[in-house]
Structures are given as C-alpha cells and as structure tokens.
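**Student:** Prediction below, plus the sequence it came from.
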Amino acid sequence: MSSFSKLKMIIFICCPRTLASAADIVFLDSQKLTYEESELIATGCTVPVVAVSHADLRPVICLAELMTLYEKYQYLRRLIVSYVGQGDDPTLNTYAVLLPKVGMHLRYLVSNVSYTFNLPQLCLTLLD
C-alpha cells in the first residue's frame with residue numbers, strides 16, 4: 001500500500017469520528033468519491049450520514065421536489081412526471097429509482113437516443 005493510500009485511509013477513518021463529535025447529522029457530497037469511500041465514511045460515523053449527492057444520484061434534490069409536489073397535491077400516487085433534459089443527468093437516474101417507489105410515473109425525453117439508466121447497486125439496496 002502506498003503512503004498516499006495509507007494517508008487516505010487514515011483520513012477516512014478519523015474524519016468521520018471528528019465530524020460525529022461536532023454534529024448531529026453529516027451531509028456527504030460524494031460526487032468524487034467511490035461507493036466504497038462513501039461507505040467507509042458512513043461506517044466510521046456515529047451519527048446519521050446523508051448522501052446529498054453522488055456521481056450517479058441526487059437523492060436530496062429529488063426528495064425535496066417530491067415534498068413540494070405532495071404539498072401541492074396532497075398525494076403522489078399516479079402522478080406523472082415528465083423529464084426533459086440531458087440523458088446523463090444524475091437527477092434522471094434518481095427519478096427512475098425513486099418515483100416508482102411512491103407510485104408515480106416517469107416520462108422522459110432526453111438528448112441521448114439510446115439512453116440506459118445508470119442505477120448503482122447502492123440505490124437499489126437502499127430503496128428496497
């Protein structure tokens with residue numbers, strides 16, 4: 001193991017403990033972290049860790065939008081959301097995972113004609 005890897009491991013092990021002693025919740029912006037690194041930080045913390053954004057997902061943004069829709073309609077089931085935009089946007093990935101869980105439907109028009117959703121195993125296990 002290189003000295004950089006050892007330093008990185010020390011940071012990932014010690015930093016969560018320090019954060020946990022100074023906060024009640026840790027928001028983790030893990031766009032540049034791998035899943036394993038994010039999991040290591042969450043495992044080392046003694047307080048809840050919320051992944052604000054990830055390279056493939058934007059869970060907090062989408063949950064906030066769902067709360068706004070619920071406030072407007074007082075229900076979510078059977079609502080249809082239309083998404084128009086970039087096909088490689090993590091928000092679209094999050095909608096593809098999240099909306100069926102609350103009974104909503106997703107229609108999308110994206111710039112990538114042959115688009116496939118990039119659904120990491122993390123989101124599939126967390127939302128089941």
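**Tutor:** Arrived safely.
**Student:** Show me this protein divided up by domain.
**Tutor:** 3-54, 59-126 (automatic domain parsing).
**Student:** Let's have the ones you listed in a markdown table, adding mean pLDDT and mean neighbour count.
**Tutor:** In short, each C-beta sits where N, CA and C put it, glycine included. As requested, the domains of the chain are exported to a markdown table (pLDDT from 0 to 100; neighbours: other C-beta atoms under 10 Å):
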| stretch | mean pLDDT | mean neighbour count |
| --- | --- | --- |
| domain 3-54 | 73 | 14 |
| domain 59-126 | 82 | 14 |
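**Student:** Pretty sure Ser82 sits against Val110.
**Tutor:** No: in terms of C-beta atoms under 8 Å, Ser82 does not count as a neighbour of Val110; the distance is 11.4 Å.
**Student:** Which parts of the chain are helices?
**Tutor:** 3-22, 35-44, 59-73, 90-101, 121-126 (DSSP state H).
**Student:** Give me the nearest residue to Arg77, chain neighbours excluded.
**Tutor:** Gly103 (3.6 Å; C-beta to C-beta, 6 or more residues apart in numbering).
**Student:** now do Arg78
**Tutor:** Gly103 (6.3 Å).
**Student:** what's the answer for Leu109, then?
**Tutor:** The shortest distance from Leu109 to any non-neighbouring residue, by C-beta to C-beta, 6+ apart, is to Val84 (4.9 Å).
**Student:** which ones are touching the one you found?
**Tutor:** Val84 makes contact with 108-110 under the criterion C-beta atoms under 8 Å, 6 or more residues apart in numbering.
**Student:** And Tyr83, by the same measure?
**Tutor:** By C-beta under 8 Å, 6+ apart, the neighbours of Tyr83 are 91-92, 95, 106-110.
**Student:** and it, what are its bridge partners?
**Tutor:** Tyr108 (DSSP bridges).
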